[in-house]
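Engineer: pasted the sequence and its predicted model underneath.
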Amino acid sequence: MHPVKILATLIAVLTAGPAFASEGLPGATMSLWWALPFAGLLLSIATGPLLFHHTWEHHYGKIAAVWAALVVVPLAFAFGPHLATEAVLHALLTEYMPFIILLFALFTIAGGILVAGNIHGTPLTNVGLLLIGALMASVVGTTGASMIMIRPIIRANDNRPFNAHVVVFFIFLVSNIGGSLTPLGDPPLFVGFLRGVDFFWTTIHILPDTLFVGGVVLAAFLVLDIILHRREGGLPKVKDPTPDSKVRVRGLPNLPLLASVIAAILLSAYWKPGVSVSIYGVALELQNLVRDALILLLALASLAVSRKEYREANGFNWGPIAEVAKLFAAIFVCIVPVVAILQAGNEGALKPLVAMVTTASGGPNDLAYFWLTGVLSSFLDNAPTYLVFFELAGGDAQHLMTDMATTLAAISAGAVFMGANTYIGNAPNFMVYAIARQRGVNMPSFFGYMAWSGVVLIPTFILSSWIFFD
């Protein structure tokens with residue numbers, strides 16, 4: 001799961017080298033049985049809060065750890081302790097740790113920035129807030145925009161009987177679609193930047209699709225919010241727990257800290273001293289270690305300079321980041337064999353997927369690239385998913401930006417847009433869900449949220465893919 005250039009560079013970390021977390025595993029010989037723990041973990045996340053809420057709330061970390069163990073132990077028996085340890089450590093040290101450090105820092109720093117005051121959450125006001133958040137996402141990343149904007153939009157609507165849909169569309173637009181215009185917005189796009197894709201290539205080539213998808217989703221929200229707002233007029237009035245007041249931005253010392261996080265990320269992208277440290281066969285490059293250390297220091301500095309009352313007003317607590325940290329640790333472990341199978345391409349158990357992205361004449365099937373990248377990004381981490389299809393398309397950035405521009409656009413749009421399809425498609429999704437739930441919003445379950453995305457997003461993506469990639 002991240003924001004500001006931060007989000008973008010999160011990927012610098014995740015992809016410090018051309019290898020994936022599953023490097024070394026013989027994906028070509030691995031069956032789909034290896035994907036069962038990952039599927040079981042997703043099913044637990046989906047059904048736990050709904051079917052056994054009390055148990056899940058108190059033991060979700062243990063449940064996630066059991067699913068992770070069902071990957072680690074069989075890997076050690078099947079391929080030896082050394083290879084299994086190296087594969088899992090690669091995932092945890094080069095992908096998960098930079099990911100969670102960046103997310104922790106963004107969560108901490110953004111938590112010290114208070115948009116004080118409140119405005120009434122009318123349909124037009126909500127559209128304005130969603131639009132501001134979506135535009136912000138491509139500059140400060142989807143995680144940064146989500147953490148800064150989610151509490152103000154919850155406050156604006158906390159006196160409305162129907163407000164869960166506001167958060168759902170917030171995840172659609174601010175936590176995902178809005179981050180599609182620059183490499184700073186979402187990790188997959190930064191991965192492409194590191195692989196040679198020009199900085200503004202995405203802005204130019206994805207802009208029409210982003211405007212279309214974002215416009216349709218925002219229009220759908222406006223229609224729905226108007227209907228629900230009118231329906232609320234006939235219900236008993238709810239006392240507003242946060243009455244309207246002048247809006248002010250507090251915690252301004254956190255803004256330079258946020259900028260410094262971006263600088264640390266950019267430093268790791270451009271400073272290449274060629275020095276690395278090896279931990280059990282996993283190479284950790286110096287620039288990435290320095291970056292992570294700086295980001296941690298900046299997060300601690302935020303705790304020192306932020307006023308306690310601002311964080312209290314934000315309802316800040318460590319619950320959401322703790323939940324994300326535990327669940328995504330298990331996700332990063334359980335995804336190791338899945339990515340290994342994907343990397344095997346035509347030689348792996350997912351060969352039919354590979355065949356689907358190729359036309360009968362041997363050319364790229366852009367429609368398939370969009371949907372396969374998107375569907376997998378809905379459940380897997382979208383950065384490695386992007387890389388898998390980037391490599392399947394040839395891996396040559398110059399060729400992809402020119403002769404195969406629509407293919408690269410399809411891969412990019414699929415990875416970013418469809419992260420909105422599930423709570424686990426993109427890291428900010430689950431964080432927003434956790435914050436909203438803690439603030440008393442009656443959020444839909446895992447499958448309930450997918451019903452929303454199925455009704456709103458999937459038809460929009462179908463129409464968009466027909467217009468831009470068919």
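Structural biologist: Sure thing, it's come through.
Engineer: low pLDDT regions in the chain?
Structural biologist: Within the chain, the stretches with pLDDT under 70 are 1-23, 46, 50, 194, 234-245, 381, 384.
Engineer: ranges for the strands of it?
Structural biologist: Secondary structure of the chain by DSSP state E: the strands cover 114-118, 245-250, 276-279, 282-285.
Engineer: got the ones you listed as JSON lines, with mean neighbour count and distance to Pro49 columns?
Structural biologist: Where you see a C-beta, it was placed from the backbone N, CA and C, and this is true even at glycine. Shown next, in JSON lines, are the strands of the chain (neighbours: other CB atoms under 10 Å; distance: least, CB to CB, whole Å):
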{"stretch": "strand 114-118", "mean neighbour count": "19", "distance to Pro49": "28"}
{"stretch": "strand 245-250", "mean neighbour count": "12", "distance to Pro49": "33"}
{"stretch": "strand 276-279", "mean neighbour count": "12", "distance to Pro49": "36"}
{"stretch": "strand 282-285", "mean neighbour count": "18", "distance to Pro49": "34"}
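Engineer: quick one, which of those strands gets closest to Arg231.
Structural biologist: Nearest to Arg231, of all the strands of the chain, is strand 114-118, at 22.4 Å by CB to CB.
Engineer: tabulate the strands of the chain (a markdown table), appending distance to Ile321.
Structural biologist: Shown next, in a markdown table, are those (distance: least, CB to CB, whole Å):
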| stretch | distance to Ile321 |
| --- | --- |
| strand 114-118 | 18 |
| strand 245-250 | 21 |
| strand 276-279 | 25 |
| strand 282-285 | 23 |
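Engineer: out of those strands, nearest to Thr85?
Structural biologist: Closest to Thr85 of those is strand 282-285 (CB to CB; 9.2 Å).
Engineer: strand partners (parallel or antiparallel) of the closest one?
Structural biologist: If you go by DSSP bridges, strand 282-285 pairs up with strand 276-279 (antiparallel).
Engineer: coming back round to it: relative to Trp318, which of the strands of the chain is closest?
Structural biologist: With CB to CB as the measure, strand 114-118 is the member of these nearest Trp318 (17.4 Å).
Engineer: mind listing residues that contact the closest one?
Structural biologist: Outside of strand 114-118, the residues within contact range by CB atoms under 8 Å, 6 or more residues apart in numbering are 148-149, 151-152, 155-156, 242-251, 310-311, 313-314.
Engineer: ok so, going back, which one of the strands of the chain lies nearest to Ala269?
Structural biologist: Closest to Ala269 of the strands of the chain is strand 282-285 (CB to CB; 11.4 Å).
Engineer: centre of the chain to that closest one, how far?
Structural biologist: Centre-to-centre, strand 282-285 and its host chain are 24 Å apart (CA atoms, centre = their mean, to the nearest Å).
Engineer: again, but for stretch 424-443
Structural biologist: For stretch 424-443, the separation from the chain centroid amounts to 12 Å (computed by CA atoms, centre = their mean).
Engineer: can you check stretch 460-470 too?
Structural biologist: Distance of stretch 460-470 from the chain centroid (CA atoms, centre = their mean) equals 22 Å.
Engineer: and that stretch, which residues are buried?
Structural biologist: The neighbour-count check on stretch 460-470 (16 or more other CB atoms under 10 Å) flags 460-461, 464-465, 468-469 as buried.
Engineer: now render those residues as TSV, adding distance to Tyr280.
Structural biologist: Putting the buried residues of stretch 460-470 into TSV (distance: CB to CB, whole Å) gives the following:
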residue	distance to Tyr280
Thr460	45
Phe461	41
Ser464	44
Ser465	43
Phe468	45
Phe469	42
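Engineer: for these, which one is nearest Ala28?
Structural biologist: Checking the buried residues of stretch 460-470 one by one against Ala28 (CB to CB), the nearest turns out to be Phe469, at 29.5 Å.
Engineer: ramachandran angles for Thr359?
Structural biologist: Main-chain dihedrals, Thr359, degrees, to the nearest 10: phi -80, psi 170.
Engineer: residues touching it, list them.
Structural biologist: Contact analysis of Thr359 by CB under 8 Å, 6+ apart lists Asn365.
Engineer: also Gly345?
Structural biologist: 351, 354, 392.
Engineer: just the buried subset of those residues, please.
Structural biologist: Burial by neighbour count, judged by 16+ other CB under 10 Å, picks out 354, 392 from the contacts of Gly345.
Engineer: which member of the contacts of Gly345 is positioned nearest Val282?
Structural biologist: The nearest member of these to Val282, counting by CB to CB, is Leu392 at 25.2 Å.
Engineer: quick one: contacts for that closest one?
Structural biologist: Contacts of Leu392 (CB under 8 Å, 6+ apart): 345, 354, 357.
Engineer: go with 10 Å
Structural biologist: For Leu392, the contact set (CB atoms under 10 Å, 6 or more residues apart in numbering) comprises 342-343, 345-346, 353-354, 357-358, 364, 369, 372-373, 407, 411.
Engineer: which one of the strands of the chain lies nearest to Ala299?
Structural biologist: Nearest to Ala299 among the strands of the chain is strand 114-118 (17.1 Å), distances taken as CB to CB.
Engineer: how much does the closest one deviate in direction from strand 245-250?
Structural biologist: Angle, strand 114-118 to strand 245-250, by axes from the mean of the first three to the mean of the last three CA atoms, to 10 degrees: 170 degrees.
Engineer: do a quick rundown of the helices in the stretch 251-400 of the chain.
Structural biologist: Along the stretch 251-400 of the chain, the segments classed as helices by DSSP state H, counting those that start in this stretch run 254-270, 286-305, 308-313, 319-343, 351-356, 366-377, 382-392, 397-401.
Engineer: so Glu391 touches Arg195, yeah?
Structural biologist: Yes. Here Glu391 reaches Arg195: they are 9.3 Å apart, a contact under CB atoms under 10 Å.
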